[in-house]
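Enquirer: Just to be clear, the model below is a prediction. Sequence and coordinates:
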Protein chains: 2
Amino acid sequence: MKFLRIIGLFMLFAPFLKSCIPNQKVQAGHISAESDSMIIRKIFTEALTKGQCYQNLRALCETAPRRLSGSPGAEKAVSFAEKLAKSLSVDRVILQEVMVPHWVRGEAEKGQIVGGVSLNICALGGSDATPKGGVTAEVLEVKGGMTELATLSAEQVRGKFIFLNMPMPAHHVETFTAYGEAVGQRYKGAVEASKLGALGLLVRSMGLTDDDYPHTGSMTYEGAAQRIPAVALSTNSANALSKALTKTPKLRVKLITNCQTLPDKLSYNVVAEIKGSEKPEEFVLVGGHLDAWDNGDGAHDDGSGCMQSLEVLRLFKALNIKPKRTLRAVLFMNEENGLRGGLKYAELAAQNKEKHIAAIESDAGGFTPRGFGVTCKQAQFEQFKKWLPLLVPYNLHKLEPHGGGADIGPLAPQGTALIGYLPDSQRYFDFHHTSADVFSAVNRRELELGAASLATLCFLLTEYGLPQ
Amino acid sequence: MKFLRIIGLFMLFAPFLKSCIPNQKVQAGHISAESDSMIIRKIFTEALTKGQCYQNLRALCETAPRRLSGSPGAEKAVSFAEKLAKSLSVDRVILQEVMVPHWVRGEAEKGQIVGGVSLNICALGGSDATPKGGVTAEVLEVKGGMTELATLSAEQVRGKFIFLNMPMPAHHVETFTAYGEAVGQRYKGAVEASKLGALGLLVRSMGLTDDDYPHTGSMTYEGAAQRIPAVALSTNSANALSKALTKTPKLRVKLITNCQTLPDKLSYNVVAEIKGSEKPEEFVLVGGHLDAWDNGDGAHDDGSGCMQSLEVLRLFKALNIKPKRTLRAVLFMNEENGLRGGLKYAELAAQNKEKHIAAIESDAGGFTPRGFGVTCKQAQFEQFKKWLPLLVPYNLHKLEPHGGGADIGPLAPQGTALIGYLPDSQRYFDFHHTSADVFSAVNRRELELGAASLATLCFLLTEYGLPQ
């Protein structure tokens, strides 16, 4: 694409384009000295030209990669976040104590086709280790997911590894929908396989590309007959194993994992707050989760959401926007394997009678913005709809009548409107829960636009509240 | 982001989600045996699960990288595209002869601060070489773009290099808007600098990130006093030079370029066609440009658009969609430095009385879809608006009342509705016209969604036409 077209279009449409520049005066509710649209324009300009979240994310990934709950990385992340929050000159920075699970991967996990190739594997989070020296068994491939697994008999399964190899269905436009349909294999596969006498679980990674990154993630033993070892295979390794099985159905795989679950550990949610100028007793929350899986830097999941949330506060301070309601950025601990931070936060909010009118979570990656999904009362949703014309000029077209986030979910019983930030989902599962989730996978402008989008909604929510 | 949230949301909203799955029956105009929305759902499913454009793009980038007009790469690209088009079993594959400019970069271009660091430079397309052995001069930095350059006197400039260092303004949400405001420096900088007696032009690369990739692109000498050499500096080099100039205003830079313009060469547009079943005399065109700058593989610019356009035909064939109007994929030659292919195509269309009711160009990269921009009559635009509900479920929210593409622009006098495909623009200028524009910079699903988006609009246009 070259210059002439751009200039040509520019000349042709210059008058029109001017009217398109998103600074038209649109009022969200009442007359204000400075129009809402102008404040929003300032938020985006500040984020895109003087944004700090990208360099903060770099620093987080360098300082505290591999920050699974209970790990030294998580401790460093808490210190880093606390220090960063304090540097913003907000009204309050609080650490909330929370006991978290402490699972460690251990060294030298390994998968191999006996007499054949190595497999790219990683233990699933929360899984138990193989016996020392590993476990070797035949493999029963299940292509039809949990539904097909349910049709198998103990006779067929006993003494073997179950290999759940149903791919995420690629036809869905939203990758999270595809994830939702396939991830039961990872989460509940070990339970069902163990009931049939399997010696272990191999599960195809939750990803839509063919690559060498195994995706870890949480799993459960609740209801299991045995705590069998459970690992993810990279999509390439899953394909290779499937192919090898068609040639040699009796082939054996050797698995070694050394993970273990240690006693719970003390950790923290990090909370930073700007006190509301008119209704300080009403809270608007924006947050992400500070913990991340141990195999990567958690750049998209969810360093992005954390650094965007703190950037929201920075944007308010830099632009001298004084929120009428109290604005909190919350960096939750332990979203990935326990949700203890989210549960503790809601417990303390109830205990302290902090009325949370709305909570937004950014936990779908630092990608280009699409909009928001909101779980709330109908009258509140009508309010969000009225705001949409302020959002559309910034490519925030989506306003879905459902949404939220794991960490903010426990606030639901308190009547909080729950909002999920929706960036574009196409690339998310290229990185999610893998060693590829590193800082360089994040695009600066996409991250910054997300921060500005969050700040915009926080501005509207703190300014106007929601019908109760 | 973990499993529980997804599942939780799924359970909570399962009834709603079902109603959201984009296969609801929406009719675009009249009753058909299979609803339009179901056909569109099939297009997306085919593209996302059995798509060929990603592997075709890989093959194009491997077979014919560096395919600037007149180059051996361009010849290979024409052969590759012709062969690929023929493999689709369409009704006709045509090569349209067109004489194209033939500019070559030559070897060993070099920029250096005398006694200091090397600069990452590349000659601008169409520029003349420095004298053999290079040219050395002091540097006059101009931070205010063409406007500031116009205020300088010959006395200030004579015998120096002009260094146009106004960055693309990052506050714009759409990067093409930022490009439009800055690219005059590249295109017309040499003209104005030469009038003031400059010995050469250095221009900051058209990019929004700080990196080491110089961005080439077209420039003109029309109206110039001298054909002075003109190069782009990478943004990092531009920053380094600017910093060095504040310390040492009299520093000198040495430039060596060896580019030259050879006689015009014969090349081709590649046209592939499925004949319309009811109104074969009406044409709907989807296209991109086959030429690409010589420093990269042209994966985003515009291998993506070319492979998406051929994929549109493949999707029609694979799904047995018989277009009522004639559907053409056109791979234009010479968009980057001459537009000869686009001009020739329009000339032949007029000559052959081929009534082009609509033409779509995909030339903004293989990124996640946002929508379309359309230049057409108001009554036609109303038709597009009626189609919008069919597009929104696929994240095609944007329908802008202006748009098109360089190659299809020459069809305007024939009354053709001109349509630009609008993918997300955030990452485009990380790659555009640089050696970073390679296959691995393209995401499979984003590319495939684009192809499906184009096929969808081609389906509606060939099925229903446009009010004339």
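Expert: Looks like it arrived, so ask away. Residues are numbered from 1 along each chain as shown, chains lettered A, B, ... in the order given.

Enquirer: Next secondary structure after the host helix or strand of A:S309?
Expert: A:S309 is part of helix A:304-318, with elements assigned from DSSP states H and E. Downstream of helix A:304-318, the first helix or strand assigned by DSSP H and E is strand A:325-332.

Enquirer: Return that next one as PDB; C-alpha atoms alone will do.
Expert: The C-alpha coordinates for strand A:325-332 follow below in PDB (Å, rounded to 0.1, in the frame of the first residue of the first chain):
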ATOM      1  CA  ARG A 325     -16.600   7.600  42.800                       C
ATOM      2  CA  THR A 326     -13.700   5.700  44.300                       C
ATOM      3  CA  LEU A 327     -11.600   4.100  41.600                       C
ATOM      4  CA  ARG A 328      -9.600   1.000  42.400                       C
ATOM      5  CA  ALA A 329      -7.000  -1.000  40.400                       C
ATOM      6  CA  VAL A 330      -6.800  -4.500  41.800                       C
ATOM      7  CA  LEU A 331      -4.100  -6.900  40.900                       C
ATOM      8  CA  PHE A 332      -5.500 -10.300  42.100                       C
END
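
Enquirer: The stretch 301-450 of chain A: helices as residue ranges?
Expert: Using DSSP state H, counting those that start in this stretch, the helices found in the stretch 301-450 of chain A span residues A:304-318, A:340-351, A:378-391, A:444-464.

Enquirer: Break chain A down into its domains, please.
Expert: Domains of chain A are assigned by automatic domain parsing as A:26-103+A:263-464, A:106-258.

Enquirer: between the helix holding A:S309 and strand A:325-332, how big is the angle?
Expert: 150 degrees (axes from the mean of the first three to the mean of the last three Cα atoms, to 10 degrees).

Enquirer: show me where pLDDT drops low in the stretch 1-150 of chain A?
Expert: A:1-33 (pLDDT under 70).

Enquirer: what does the stretch 101-250 of chain A put close to chain B?
Expert: A:170-173, A:175-177, A:179-180, A:183-184, A:186-187, A:208-209, A:217-218 (Cβ under 8 Å from any Cβ of the partner chain). Every residue, glycine included, has its C-beta placed from N, CA and C.

Enquirer: From those, which land in helices?
Expert: A:T175, A:F176, A:T177, A:Y179, A:G180, A:G184, A:R186, A:Y187 (DSSP state H).

Enquirer: Got a quick ChimeraX command for the buried subset of those?
Expert: In ChimeraX, a selection of the buried entries from these looks like this (16 or more other Cβ atoms under 10 Å in any protein chain shown):
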select /A:175,176,177,179,180,184,186,187
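
Enquirer: List just the nearest of the ones in helices among the residues of the stretch 101-250 of chain A next to chain B to B:S153.
Expert: A:T175 (57.8 Å; Cβ to Cβ).

Enquirer: you'd agree the closest one is up against A:G207?
Expert: No. Counting by Cβ atoms under 8 Å, A:T175 stays clear of A:G207, with 9.4 Å between them.

Enquirer: which residues are common contacts for these two?
Expert: A:M168, A:F429 (Cβ atoms under 8 Å, 6 or more residues apart in numbering or on different chains).

Enquirer: Quick one, which of the helices of the stretch 301-450 of chain A gets closest to chain B.
Expert: helix A:444-464 (4.7 Å; Cβ to the nearest Cβ).

Enquirer: What average pLDDT does the closest one get?
Expert: Averaged over helix A:444-464, pLDDT sits at 98.

Enquirer: Relative to chain B, which residue of the stretch 251-400 of chain A is the closest?
Expert: A:H397 (3.7 Å).

Enquirer: Who are the contact partners of the nearest residue to that residue once chain neighbours are set aside?
Expert: Of all residues not flanking A:H397 in the chain, B:H397 sits nearest, at 3.7 Å (Cβ to Cβ, 6 or more residues apart in numbering or on different chains). Under the criterion of Cβ under 8 Å, 6+ apart, the neighbours of B:H397 are A:H397, A:K398, B:R370, B:G371, B:L391.

Enquirer: related to what we said a few turns ago, hey, which of the helices of the stretch 301-450 of chain A is tucked in deepest?
Expert: Neighbour counts (mean count of other Cβ atoms under 10 Å in any protein chain shown) averaged over each of the helices of the stretch 301-450 of chain A peak at helix A:304-318, with a mean of 27.

Enquirer: who does that helix touch, helix- and strand-wise?
Expert: helix A:36-50, helix A:53-63, helix A:72-86, strand A:260-274, strand A:279-289, strand A:325-332, helix A:444-464 (3 or more Cβ pairs under 8 Å, 6 or more residues apart in numbering or on different chains; DSSP states H and E).

Enquirer: what about A:D291, which SS state?
Expert: At A:D291 the chain is in coil, as set by DSSP: H, G, I helix; E, B strand; the rest coil.

Enquirer: so it touches A:M333, yeah?
Expert: Yes. Between A:D291 and A:M333 there is a contact at 5.5 Å, judged by Cβ under 8 Å.

Enquirer: Give me the common contacts of these two.
Expert: In contact with both A:D291 and A:M333: A:S69, A:A74, A:V100, A:G341, using Cβ under 8 Å, 6+ apart.
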